[in-house]
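S.K.: let's see this in three dimensions:
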Amino acid sequence: MMDLQRHLRERFGQLRDSRRGAVFFVEHGLGGAELDDLRADVRASLRVHPLESGWWDQHDLPLLVAATEVGYRYQGSGTDFWPRLEEELDFGLPAESRQRIKDLFVRAVELYRGRAPRTRRGPRRSTSSRGRSPTPCCRWSSIARSR
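M.R.: Here you go, the predicted model:
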């Protein structure tokens, strides 16, 4: 996890410093096998380190990338996002854990000039070169509403 955190911290920092616009956490630069490894590392870390612990303050980016990837694939209204993330991580996320992820996301948005979650529902119309919405905000709208 430390190597992943370091890679992602450097990647997002370089993206932030290279442009004026927002950094999108889907711009992690990882391929399919690397994302599989990231998810496996996050799953293992969740079993050892409670989300509420300070450990995640220093190892948050792999978790946020895994959540962002789920957000981009998710096509629902926002209420089913959390069960999909739980399934992806093979880990239950009660309300306090969900809030912790939201807090980590907000902190990372501030640090890397990321795109903050939208507060209104509805799909984004613009797409990136990968054919995705540039930010999972419509899937993360429940995060913004619950803050």
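S.K.: distance of the most centrally placed residue in the chain from residue 20?
M.R.: Nearest to the geometric centre of the chain sits residue 64, at 2.8 Å (C-alpha atoms, centre = their mean). Applying C-beta to C-beta, to the nearest Å, the value for residue 64 to residue 20 is 22 Å. Bear in mind the C-beta positions are built from the backbone N, C-alpha and C, glycine included.
S.K.: list the buried residues in the helix or strand where residue 62 lies.
M.R.: Using DSSP states H and E, residue 62 maps to helix 60-73. With burial defined by 16 or more other C-beta atoms under 10 Å, the residues of helix 60-73 counted as buried are 60-72.
S.K.: which one of the residues you listed is nearest residue 95?
M.R.: Comparing the buried residues of helix 60-73 against residue 95 with C-beta to C-beta places residue 67 closest, at 15.8 Å.
S.K.: right, and the residue nearest to the centre of the chain touches residue 106 too?
M.R.: No. With contacts counted by C-beta atoms under 8 Å, residue 64 stays clear of residue 106, the gap being 10.4 Å.
S.K.: if we can go back for a sec, state the pLDDT value of the residue nearest to the centre of the chain.
M.R.: The score at residue 64 is 96. That number is its pLDDT.
S.K.: residue 124 too?
M.R.: On the pLDDT scale, residue 124 gets 44.
S.K.: ditto for residue 147
M.R.: What the model reports as pLDDT for residue 147 is 39.
S.K.: cool, residue 73 as well?
M.R.: Taking residue 73 on its own, its pLDDT is 81.
S.K.: wait, what's in contact with the residue nearest to it when sequence neighbours are not counted?
M.R.: Leaving aside its chain neighbours, residue 73 sits nearest to residue 84 (8.0 Å; criterion: C-beta to C-beta, 6 or more residues apart in numbering). Applying C-beta atoms under 8 Å, 6 or more residues apart in numbering to residue 84 gives the contacts 70, 73, 74.
S.K.: over to residue 101?
M.R.: Residue 101 touches 51, 63, 64, 67, 93, counting by C-beta under 8 Å, 6+ apart.
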